[in-house]
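Engineer: 3D, please:
(one chain, ligands or ions: 2)
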Amino acid sequence: MGNFQMATKIFEGKGAIDELKTIPMHRVLVICDPFMEKSHKVELVTDRLAENDEKYLVFAEVVPDPTIDVVAKGIIEALRIKPDMLIALGGGSAMDTAKAVRHIYSAISGAENIGMICIPTTSGTGSEVTSFVVITDPKAQTKYALVDPSLIPDYAILDSTFTVSVPAGITADTGMDVLTHTLEAYVSTAASDFTDACAEKAMKIVWENLENVVKDGQNEELRGKVHNASCLAGIAFNEASLGICHSLAHALGGKFHIPHGKANALLLPHVILYNAGLDVSEDLPALEKYEKAARMLGIQAGTKRVTVHGLIANIHRKMQRMNIPKYITDCGVNEEEYLAAIPEMAQKALADRCTATNPRPVDEKALEELYKSLCRGGS
Ligand SMILES: NC(=O)c1ccc[n+]([C@@H]2O[C@H](COP(=O)([O-])OP(=O)(O)OC[C@H]3O[C@@H](n4cnc5c(N)ncnc54)[C@H](O)[C@@H]3O)[C@@H](O)[C@H]2O)c1
Ligand SMILES: [Zn+2]
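Structural biologist: Ligands and ions are numbered 1, 2, ... in the order given. Alright, predicted model coming up:
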(Lines give C-alpha, C1' and ligand atoms only; values in the text may rest on other atoms or scores of the structure.)
(Ligands and ions follow the chains in the order given, each with its own letter.)
Protein backbone atom coordinates (compact mmCIF):
# COMPACT_ATOMS: atom_id res chain seq x y z
CA MET A 1 0.00 0.00 0.00
CA GLY A 2 1.29 3.47 -0.80
CA ASN A 3 0.18 7.05 -0.46
CA PHE A 4 0.90 10.32 -2.22
CA GLN A 5 0.09 13.66 -0.68
CA MET A 6 0.48 17.15 -2.10
CA ALA A 7 0.16 19.51 0.82
CA THR A 8 1.52 22.73 -0.71
CA LYS A 9 -0.61 25.10 -2.78
CA ILE A 10 1.49 26.19 -5.76
CA PHE A 11 1.18 29.47 -7.66
CA GLU A 12 3.33 29.49 -10.77
CA GLY A 13 4.24 31.70 -13.73
CA LYS A 14 5.57 35.18 -14.32
CA GLY A 15 3.81 37.60 -12.00
CA ALA A 16 2.74 34.84 -9.58
CA ILE A 17 4.20 36.97 -6.79
CA ASP A 18 0.99 39.04 -6.89
CA GLU A 19 -0.80 36.05 -5.36
CA LEU A 20 0.92 37.02 -2.13
CA LYS A 21 -1.81 39.62 -1.69
CA THR A 22 -4.51 36.94 -1.71
CA ILE A 23 -3.04 34.91 1.17
CA PRO A 24 -4.45 35.85 4.57
CA MET A 25 -1.78 36.90 7.11
CA HIS A 26 -1.20 39.68 9.63
CA ARG A 27 2.27 39.46 11.21
CA VAL A 28 4.99 38.24 8.91
CA LEU A 29 8.61 37.23 9.36
CA VAL A 30 10.44 37.39 6.01
CA ILE A 31 13.59 35.25 5.90
CA CYS A 32 16.23 35.74 3.18
CA ASP A 33 19.95 36.17 2.62
CA PRO A 34 21.78 39.54 2.43
CA PHE A 35 21.81 39.43 -1.39
CA MET A 36 18.01 39.63 -1.50
CA GLU A 37 18.15 42.84 0.54
CA LYS A 38 21.05 44.41 -1.38
CA SER A 39 19.46 43.63 -4.74
CA HIS A 40 16.09 45.01 -3.51
CA LYS A 41 14.39 41.74 -4.44
CA VAL A 42 12.95 41.52 -0.95
CA GLU A 43 10.99 44.69 -1.73
CA LEU A 44 8.99 42.74 -4.31
CA VAL A 45 7.67 40.91 -1.25
CA THR A 46 7.54 43.65 1.38
CA ASP A 47 5.89 46.20 -0.96
CA ARG A 48 3.01 43.79 -1.40
CA LEU A 49 2.79 43.18 2.35
CA ALA A 50 2.74 46.96 2.93
CA GLU A 51 -0.03 47.38 0.35
CA ASN A 52 -2.13 44.98 2.43
CA ASP A 53 -1.22 46.77 5.69
CA GLU A 54 0.52 43.70 7.06
CA LYS A 55 3.11 44.08 9.81
CA TYR A 56 6.44 42.54 8.83
CA LEU A 57 10.04 42.07 9.91
CA VAL A 58 12.88 41.09 7.58
CA PHE A 59 15.60 38.73 8.81
CA ALA A 60 18.29 38.84 6.11
CA GLU A 61 21.14 36.90 7.69
CA VAL A 62 20.82 33.53 5.98
CA VAL A 63 24.15 32.02 4.85
CA PRO A 64 24.68 29.29 2.23
CA ASP A 65 24.33 25.87 3.89
CA PRO A 66 22.52 27.37 6.89
CA THR A 67 23.94 26.67 10.31
CA ILE A 68 22.30 25.99 13.68
CA ASP A 69 23.37 29.53 14.73
CA VAL A 70 21.50 31.18 11.87
CA VAL A 71 18.38 29.20 12.74
CA ALA A 72 18.74 30.31 16.39
CA LYS A 73 18.96 33.98 15.30
CA GLY A 74 15.85 33.53 13.16
CA ILE A 75 13.97 32.10 16.16
CA ILE A 76 14.88 35.21 18.20
CA GLU A 77 13.37 37.39 15.44
CA ALA A 78 10.25 35.22 15.44
CA LEU A 79 9.92 35.69 19.21
CA ARG A 80 10.04 39.47 18.59
CA ILE A 81 7.30 39.70 15.96
CA LYS A 82 5.24 36.61 16.91
CA PRO A 83 4.37 35.86 13.29
CA ASP A 84 1.29 34.09 11.95
CA MET A 85 3.19 33.65 8.66
CA LEU A 86 6.80 33.06 7.64
CA ILE A 87 7.93 33.93 4.14
CA ALA A 88 11.16 32.42 2.83
CA LEU A 89 12.71 34.24 -0.12
CA GLY A 90 15.81 32.65 -1.60
CA GLY A 91 17.42 29.37 -2.49
CA GLY A 92 17.37 26.19 -0.44
CA SER A 93 19.39 27.89 2.29
CA ALA A 94 16.73 30.56 3.00
CA MET A 95 13.86 28.09 2.68
CA ASP A 96 15.47 25.51 4.96
CA THR A 97 16.30 28.18 7.54
CA ALA A 98 12.68 29.41 7.54
CA LYS A 99 11.29 25.87 7.75
CA ALA A 100 13.50 25.10 10.76
CA VAL A 101 12.65 28.44 12.41
CA ARG A 102 8.91 27.80 12.05
CA HIS A 103 9.22 24.29 13.43
CA ILE A 104 11.24 25.23 16.51
CA TYR A 105 9.44 28.54 17.15
CA SER A 106 6.06 26.73 17.10
CA ALA A 107 7.36 24.17 19.58
CA ILE A 108 8.82 26.66 22.06
CA SER A 109 6.10 29.34 21.84
CA GLY A 110 3.17 26.94 21.69
CA ALA A 111 1.82 29.03 18.77
CA GLU A 112 -0.31 26.94 16.45
CA ASN A 113 -1.07 27.17 12.73
CA ILE A 114 1.81 29.40 11.73
CA GLY A 115 1.75 29.51 7.94
CA MET A 116 4.72 29.25 5.60
CA ILE A 117 5.19 30.63 2.10
CA CYS A 118 8.28 29.73 0.08
CA ILE A 119 9.44 31.85 -2.83
CA PRO A 120 12.39 30.01 -4.38
CA THR A 121 14.92 32.20 -6.21
CA THR A 122 17.12 29.36 -7.45
CA SER A 123 15.82 26.42 -9.48
CA GLY A 124 17.37 23.60 -7.53
CA THR A 125 16.34 22.24 -4.19
CA GLY A 126 12.54 21.90 -4.45
CA SER A 127 12.51 22.73 -0.75
CA GLU A 128 9.34 24.78 -1.33
CA VAL A 129 7.34 21.53 -1.43
CA THR A 130 9.34 19.13 0.72
CA SER A 131 9.34 17.89 4.28
CA PHE A 132 13.16 18.00 4.22
CA VAL A 133 15.42 20.51 5.94
CA VAL A 134 19.21 20.40 5.66
CA ILE A 135 21.09 22.15 8.46
CA THR A 136 24.87 22.40 8.86
CA ASP A 137 26.70 21.85 12.13
CA PRO A 138 30.03 23.65 11.53
CA LYS A 139 31.63 22.16 14.66
CA ALA A 140 30.89 18.60 13.59
CA GLN A 141 31.63 19.65 9.98
CA THR A 142 28.52 17.91 8.79
CA LYS A 143 25.06 18.50 7.35
CA TYR A 144 21.96 16.90 8.82
CA ALA A 145 18.94 16.08 6.67
CA LEU A 146 15.86 16.27 8.90
CA VAL A 147 12.56 14.94 7.59
CA ASP A 148 9.14 15.59 9.10
CA PRO A 149 5.73 16.14 7.45
CA SER A 150 5.16 19.26 9.59
CA LEU A 151 8.03 20.95 7.72
CA ILE A 152 6.11 21.07 4.42
CA PRO A 153 5.35 24.70 3.41
CA ASP A 154 1.72 25.74 2.91
CA TYR A 155 2.32 27.82 -0.22
CA ALA A 156 4.97 27.94 -2.94
CA ILE A 157 5.22 30.87 -5.34
CA LEU A 158 7.20 29.98 -8.46
CA ASP A 159 7.88 33.24 -10.28
CA SER A 160 10.74 33.28 -12.78
CA THR A 161 11.14 37.04 -12.22
CA PHE A 162 13.25 36.10 -9.21
CA THR A 163 15.57 33.68 -11.01
CA VAL A 164 16.90 35.70 -13.97
CA SER A 165 19.69 37.17 -11.85
CA VAL A 166 21.16 33.80 -10.82
CA PRO A 167 24.76 33.68 -12.19
CA ALA A 168 25.61 30.98 -14.76
CA GLY A 169 27.72 28.91 -12.32
CA ILE A 170 24.97 28.76 -9.67
CA THR A 171 22.37 28.07 -12.39
CA ALA A 172 24.43 25.09 -13.53
CA ASP A 173 25.05 23.73 -10.02
CA THR A 174 21.44 24.09 -8.87
CA GLY A 175 20.17 22.63 -12.15
CA MET A 176 22.35 19.57 -11.60
CA ASP A 177 20.73 19.28 -8.17
CA VAL A 178 17.35 19.05 -9.95
CA LEU A 179 18.66 16.35 -12.30
CA THR A 180 20.02 14.42 -9.32
CA HIS A 181 16.68 14.69 -7.48
CA THR A 182 14.86 13.25 -10.49
CA LEU A 183 17.24 10.33 -11.01
CA GLU A 184 17.49 9.46 -7.32
CA ALA A 185 13.70 9.60 -6.83
CA TYR A 186 13.27 7.53 -10.01
CA VAL A 187 15.43 4.62 -8.84
CA SER A 188 14.52 4.93 -5.16
CA THR A 189 13.13 1.85 -3.43
CA ALA A 190 10.14 4.04 -2.45
CA ALA A 191 9.35 5.20 -6.02
CA SER A 192 5.76 4.83 -7.23
CA ASP A 193 3.83 5.58 -10.44
CA PHE A 194 2.96 8.96 -8.92
CA THR A 195 6.54 9.96 -8.08
CA ASP A 196 7.78 8.55 -11.40
CA ALA A 197 5.35 10.81 -13.29
CA CYS A 198 6.78 13.92 -11.60
CA ALA A 199 10.38 12.71 -11.85
CA GLU A 200 10.08 11.87 -15.56
CA LYS A 201 8.59 15.25 -16.48
CA ALA A 202 11.14 17.18 -14.41
CA MET A 203 14.03 15.09 -15.79
CA LYS A 204 13.06 15.78 -19.39
CA ILE A 205 12.61 19.51 -18.82
CA VAL A 206 15.91 19.98 -17.03
CA TRP A 207 17.83 17.77 -19.47
CA GLU A 208 16.52 19.67 -22.49
CA ASN A 209 16.71 23.21 -21.12
CA LEU A 210 19.39 23.58 -18.45
CA GLU A 211 22.34 24.25 -20.76
CA ASN A 212 20.38 26.91 -22.65
CA VAL A 213 19.43 28.61 -19.39
CA VAL A 214 23.08 28.58 -18.31
CA LYS A 215 24.01 30.21 -21.65
CA ASP A 216 21.12 32.69 -21.68
CA GLY A 217 20.05 33.47 -18.15
CA GLN A 218 17.80 36.30 -19.31
CA ASN A 219 15.45 33.91 -21.12
CA GLU A 220 12.52 34.03 -18.71
CA GLU A 221 10.49 31.44 -20.57
CA LEU A 222 13.21 28.81 -20.18
CA ARG A 223 13.90 29.98 -16.61
CA GLY A 224 10.21 29.36 -15.87
CA LYS A 225 10.36 25.84 -17.28
CA VAL A 226 13.41 24.88 -15.21
CA HIS A 227 11.83 26.52 -12.15
CA ASN A 228 8.77 24.30 -12.54
CA ALA A 229 11.01 21.26 -13.09
CA SER A 230 12.78 21.99 -9.82
CA CYS A 231 9.46 21.99 -7.99
CA LEU A 232 8.22 18.83 -9.75
CA ALA A 233 11.44 17.08 -8.75
CA GLY A 234 10.79 18.21 -5.18
CA ILE A 235 7.30 16.67 -5.31
CA ALA A 236 8.85 13.42 -6.57
CA PHE A 237 11.55 13.11 -3.94
CA ASN A 238 9.36 14.31 -1.12
CA GLU A 239 7.51 10.99 -1.46
CA ALA A 240 10.16 8.72 -3.01
CA SER A 241 13.07 10.19 -1.02
CA LEU A 242 16.59 10.17 -2.45
CA GLY A 243 19.67 7.96 -2.40
CA ILE A 244 23.40 7.81 -1.73
CA CYS A 245 24.31 10.63 -4.11
CA HIS A 246 22.68 12.98 -1.63
CA SER A 247 24.09 11.14 1.39
CA LEU A 248 27.61 11.47 -0.04
CA ALA A 249 26.99 15.09 -1.09
CA HIS A 250 25.76 16.06 2.38
CA ALA A 251 28.90 14.73 4.08
CA LEU A 252 31.15 16.20 1.37
CA GLY A 253 29.45 19.62 1.55
CA GLY A 254 29.57 19.63 5.34
CA LYS A 255 33.32 18.95 5.33
CA PHE A 256 34.61 20.90 2.31
CA HIS A 257 31.85 23.49 1.70
CA ILE A 258 31.27 22.53 -1.89
CA PRO A 259 27.93 23.94 -3.11
CA HIS A 260 25.21 21.30 -2.80
CA GLY A 261 24.39 21.05 -6.51
CA LYS A 262 28.05 20.84 -7.51
CA ALA A 263 28.70 18.08 -4.97
CA ASN A 264 25.80 16.10 -6.42
CA ALA A 265 27.00 16.68 -9.99
CA LEU A 266 30.51 15.40 -9.18
CA LEU A 267 29.12 12.24 -7.60
CA LEU A 268 26.12 11.47 -9.83
CA PRO A 269 27.89 9.63 -12.71
CA HIS A 270 29.76 7.39 -10.23
CA VAL A 271 26.60 6.68 -8.24
CA ILE A 272 24.71 5.68 -11.40
CA LEU A 273 27.53 3.30 -12.34
CA TYR A 274 27.43 1.75 -8.86
CA ASN A 275 23.64 1.56 -8.51
CA ALA A 276 23.17 0.09 -11.99
CA GLY A 277 25.84 -2.54 -11.19
CA LEU A 278 28.03 -1.65 -14.14
CA ASP A 279 30.98 -2.69 -11.96
CA VAL A 280 29.65 -6.25 -11.48
CA SER A 281 28.51 -8.90 -13.93
CA GLU A 282 24.94 -9.36 -12.69
CA ASP A 283 22.17 -6.95 -13.67
CA LEU A 284 20.85 -5.00 -10.66
CA PRO A 285 17.24 -3.76 -10.30
CA ALA A 286 18.07 -0.09 -10.94
CA LEU A 287 19.68 -0.88 -14.31
CA GLU A 288 16.30 -1.09 -16.02
CA LYS A 289 15.10 2.18 -14.51
CA TYR A 290 18.25 4.07 -15.53
CA GLU A 291 17.92 2.61 -19.02
CA LYS A 292 14.32 3.82 -19.18
CA ALA A 293 15.45 7.29 -18.08
CA ALA A 294 18.25 7.29 -20.68
CA ARG A 295 15.87 6.34 -23.50
CA MET A 296 13.45 9.03 -22.41
CA LEU A 297 16.30 11.53 -22.70
CA GLY A 298 17.09 10.32 -26.23
CA ILE A 299 20.05 8.09 -25.37
CA GLN A 300 19.84 4.66 -26.91
CA ALA A 301 22.86 2.50 -27.47
CA GLY A 302 22.05 -1.19 -27.84
CA THR A 303 22.04 -3.18 -24.60
CA LYS A 304 20.79 -1.86 -21.28
CA ARG A 305 24.33 -1.65 -19.94
CA VAL A 306 25.69 0.23 -22.94
CA THR A 307 22.71 2.63 -22.79
CA VAL A 308 23.38 3.41 -19.12
CA HIS A 309 27.08 3.92 -19.93
CA GLY A 310 25.80 6.35 -22.57
CA LEU A 311 23.74 8.18 -19.93
CA ILE A 312 26.82 8.56 -17.74
CA ALA A 313 28.96 9.81 -20.65
CA ASN A 314 26.26 12.31 -21.60
CA ILE A 315 26.04 13.64 -18.06
CA HIS A 316 29.82 14.15 -18.04
CA ARG A 317 29.67 15.96 -21.37
CA LYS A 318 26.82 18.15 -20.13
CA MET A 319 28.84 19.03 -17.02
CA GLN A 320 31.89 19.87 -19.13
CA ARG A 321 29.85 22.20 -21.37
CA MET A 322 28.53 23.96 -18.24
CA ASN A 323 32.05 24.25 -16.74
CA ILE A 324 31.27 21.91 -13.84
CA PRO A 325 34.46 20.10 -12.79
CA LYS A 326 34.85 16.35 -12.77
CA TYR A 327 37.43 16.03 -10.01
CA ILE A 328 37.46 17.12 -6.39
CA THR A 329 40.86 18.82 -6.75
CA ASP A 330 39.31 21.18 -9.33
CA CYS A 331 36.98 22.44 -6.58
CA GLY A 332 39.83 23.90 -4.51
CA VAL A 333 40.12 20.83 -2.28
CA ASN A 334 43.55 19.48 -1.34
CA GLU A 335 43.78 15.82 -2.37
CA GLU A 336 45.65 14.66 0.74
CA GLU A 337 43.13 16.30 3.05
CA TYR A 338 40.32 14.84 0.99
CA LEU A 339 41.70 11.29 1.10
CA ALA A 340 42.24 11.59 4.87
CA ALA A 341 38.61 12.69 5.36
CA ILE A 342 37.08 9.84 3.35
CA PRO A 343 36.54 7.29 6.17
CA GLU A 344 34.74 9.84 8.35
CA MET A 345 32.64 11.16 5.45
CA ALA A 346 31.70 7.60 4.44
CA GLN A 347 30.57 6.88 8.00
CA LYS A 348 28.35 9.98 7.98
CA ALA A 349 26.97 9.19 4.52
CA LEU A 350 26.03 5.69 5.64
CA ALA A 351 23.99 7.14 8.53
CA ASP A 352 22.31 9.80 6.32
CA ARG A 353 18.50 9.63 5.94
CA CYS A 354 18.79 9.35 2.17
CA THR A 355 20.77 6.08 2.26
CA ALA A 356 17.74 4.04 3.33
CA THR A 357 16.02 4.27 -0.08
CA ASN A 358 19.08 3.72 -2.26
CA PRO A 359 18.37 0.91 -4.76
CA ARG A 360 21.65 -0.95 -4.14
CA PRO A 361 22.69 -1.81 -0.59
CA VAL A 362 25.86 -0.05 0.57
CA ASP A 363 28.47 -0.36 3.27
CA GLU A 364 31.21 2.01 4.35
CA LYS A 365 33.72 0.42 2.00
CA ALA A 366 31.51 0.99 -1.05
CA LEU A 367 30.94 4.62 -0.06
CA GLU A 368 34.68 5.14 0.44
CA GLU A 369 35.32 3.82 -3.07
CA LEU A 370 32.73 6.22 -4.48
CA TYR A 371 34.51 9.13 -2.79
CA LYS A 372 37.84 7.93 -4.18
CA SER A 373 36.43 8.01 -7.69
CA LEU A 374 36.39 11.83 -7.47
CA CYS A 375 40.22 11.83 -7.56
CA ARG A 376 42.17 11.77 -10.81
CA GLY A 377 43.05 8.13 -11.37
CA GLY A 378 40.43 7.12 -8.74
CA SER A 379 38.71 3.79 -9.16
N1 LIG B 1 15.11 20.99 1.92
C2 LIG B 1 15.32 20.33 0.81
O3 LIG B 1 14.45 19.63 0.31
C4 LIG B 1 16.68 20.46 0.16
C5 LIG B 1 16.97 19.73 -1.00
C6 LIG B 1 18.23 19.90 -1.58
C7 LIG B 1 19.16 20.78 -1.01
N8 LIG B 1 18.85 21.46 0.13
C9 LIG B 1 19.81 22.40 0.77
O10 LIG B 1 19.64 23.69 0.18
C11 LIG B 1 20.89 24.42 0.24
C12 LIG B 1 21.32 24.86 -1.13
O13 LIG B 1 20.35 25.68 -1.72
P14 LIG B 1 20.62 26.36 -3.15
O15 LIG B 1 21.37 25.40 -3.99
O16 LIG B 1 19.34 26.87 -3.64
O17 LIG B 1 21.64 27.53 -2.83
P18 LIG B 1 21.62 28.72 -1.75
O19 LIG B 1 20.27 29.00 -1.24
O20 LIG B 1 22.69 28.42 -0.74
O21 LIG B 1 22.08 29.94 -2.66
C22 LIG B 1 23.34 29.87 -3.32
C23 LIG B 1 23.78 31.29 -3.69
O24 LIG B 1 22.92 31.79 -4.70
C25 LIG B 1 22.54 33.12 -4.39
N26 LIG B 1 21.24 33.37 -4.99
C27 LIG B 1 20.06 32.80 -4.68
N28 LIG B 1 19.08 33.28 -5.46
C29 LIG B 1 19.66 34.18 -6.29
C30 LIG B 1 19.18 35.02 -7.33
N31 LIG B 1 17.89 34.99 -7.70
N32 LIG B 1 20.06 35.81 -7.99
C33 LIG B 1 21.38 35.81 -7.66
N34 LIG B 1 21.90 35.06 -6.68
C35 LIG B 1 21.04 34.25 -6.00
C36 LIG B 1 22.53 33.17 -2.88
O37 LIG B 1 22.66 34.49 -2.42
C38 LIG B 1 23.73 32.29 -2.53
O39 LIG B 1 24.91 33.04 -2.54
C40 LIG B 1 21.90 23.44 0.84
O41 LIG B 1 22.03 23.68 2.22
C42 LIG B 1 21.28 22.09 0.57
O43 LIG B 1 21.77 21.08 1.43
C44 LIG B 1 17.63 21.32 0.71
ZN1 LIG C 1 19.58 18.15 -3.57
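Engineer: how many residues are close by F237?
Structural biologist: Other residues within reach of F237, judged by other CB atoms under 10 Å, total 31. Just so you know, the C-beta spots here come from the backbone N, C-alpha and C atoms, and that holds for glycine as well.
Engineer: what's the spacing between the residue in the stretch 201-350 of the chain that ligand 1 sits nearest to and A156?
Structural biologist: Nearest to ligand 1 in the stretch 201-350 of the chain, going by CB to the nearest ligand atom, is H260, at a distance of 3.8 Å. H260 sits 19 Å away from A156, going by CB to CB, to the nearest Å.
Engineer: check Q141 too.
Structural biologist: Using CB to CB, one gets 31 Å for the distance from Q141 to A156.
Engineer: more neighbours, those two?
Structural biologist: Ranked by neighbour count (other CB under 10 Å), Q141 and A156 place A156 first, with 26 against 17.
Engineer: hang on, that one in a strand?
Structural biologist: Yes. Membership of A156 in a strand is supported by DSSP: H, G, I helix; E, B strand; the rest coil.
Engineer: tell me the pLDDT at it?
Structural biologist: For A156, the pLDDT comes out at 98.
Engineer: name the nearest residue to it, sequence neighbours excluded.
Structural biologist: E128 (3.8 Å; CB to CB, 6 or more residues apart in numbering).
Engineer: about what we covered before: wait, the residue of the stretch 201-350 of the chain closest to ligand 1 sits on P66?
Structural biologist: No. Counting by CB atoms under 8 Å, H260 does not reach P66; the two are 11.4 Å apart.
Engineer: between the two, who's got more neighbours?
Structural biologist: Legend: neighbour count by other CB under 10 Å for H260 and P66, higher for P66 (29 against 26).
Engineer: and that one, what does it touch?
Structural biologist: The contact partners of P66, by CB atoms under 8 Å, 6 or more residues apart in numbering, come to S93, A94, D96, T97, A100, I135, T136.
Engineer: ok, and the closest non-adjacent residue to it?
Structural biologist: T97 (4.4 Å).
Engineer: mind telling me what element the residue nearest the centre of the chain is part of?
Structural biologist: Nearest to the mean C-alpha position of the chain, counting by CA atoms, centre = their mean, stands T125 at 2.4 Å. For T125, there is no host helix or strand (DSSP states H and E).
Engineer: distance of the spatially closest residue to it that is not a sequence neighbour relative to D173?
Structural biologist: The shortest distance from T125 to any non-neighbouring residue, by CB to CB, 6+ apart, is to G92 (3.2 Å). If you measure G92 against D173 using CB to CB, the figure is 11 Å.
Engineer: look at these two and report which has more neighbours.
Structural biologist: A count of neighbours by other CB under 10 Å puts G92 above the other of G92 and D173, at 30 against 24.
Engineer: for the more buried one, give me its contacts.
Structural biologist: P120, T122, G124, T125, S127, V134, H260.
Engineer: near ligand 1, which residues of this protein are found?
Structural biologist: Applying CB under 6 Å from any ligand atom, we find that the chain lies next to ligand 1 at 33, 35, 64-65, 90-94, 96, 121-122, 124-127, 130, 132-134, 143, 162-163, 165-166, 170, 174, 177, 260-261.
Engineer: recalculate using a threshold of 5 Å.
Structural biologist: Within reach of ligand 1 by CB under 5 Å from any ligand atom, the chain has these residues: 33, 35, 64-65, 91-93, 96, 121-122, 124-125, 127, 130, 132, 134, 165-166, 170, 174, 260.
Engineer: which members of those occur in strands, if any?
Structural biologist: F132, V134 (DSSP state E).
Engineer: now, which of the residues of the chain next to ligand 1 lie within helices?
Structural biologist: F35, G92, S93, D96, I170, T174, H260 (DSSP state H).
Engineer: isn't the fifth one up against P259?
Structural biologist: Spelled out, that is I170. Yes. In this structure, I170 is within contact of P259 by CB under 8 Å, at 7.4 Å.
Engineer: which stretches of the chain have low pLDDT?
Structural biologist: For the chain, the stretches flagged by pLDDT under 70 are 379.
Engineer: select the longest helix from it.
Structural biologist: Max-length helix for the chain by DSSP H is helix 193-215.
Engineer: give me the helices and strands touching the helix or strand just after it, please.
Structural biologist: Going down the chain from helix 193-215, the next helix or strand is helix 220-240, by DSSP H and E. Applying 3 or more CB pairs under 8 Å, 6 or more residues apart in numbering; DSSP states H and E, one finds that helix 220-240 contacts strand 9-12, strand 115-120, strand 155-158, helix 168-187, helix 193-215.
Engineer: out of the ones in helices among the residues of the chain next to ligand 1, who's nearest ligand 1?
Structural biologist: G92 (2.2 Å).
Engineer: for the host helix or strand of Y105, buried residues please.
Structural biologist: Element membership of Y105 [criterion: DSSP H and E] is helix 92-109. For helix 92-109, burial by neighbour count (16 or more other CB atoms under 10 Å) applies to 92-103, 105.
Engineer: look up how far ligand 1 lies from the residue in the chain sticking out farthest from the centre.
Structural biologist: Ranked by distance from the centre of the chain (CA atoms, centre = their mean), the top residue is D53, with 33.8 Å. Distance, D53 to ligand 1, by CB to the nearest ligand atom, to the nearest Å: 28 Å.
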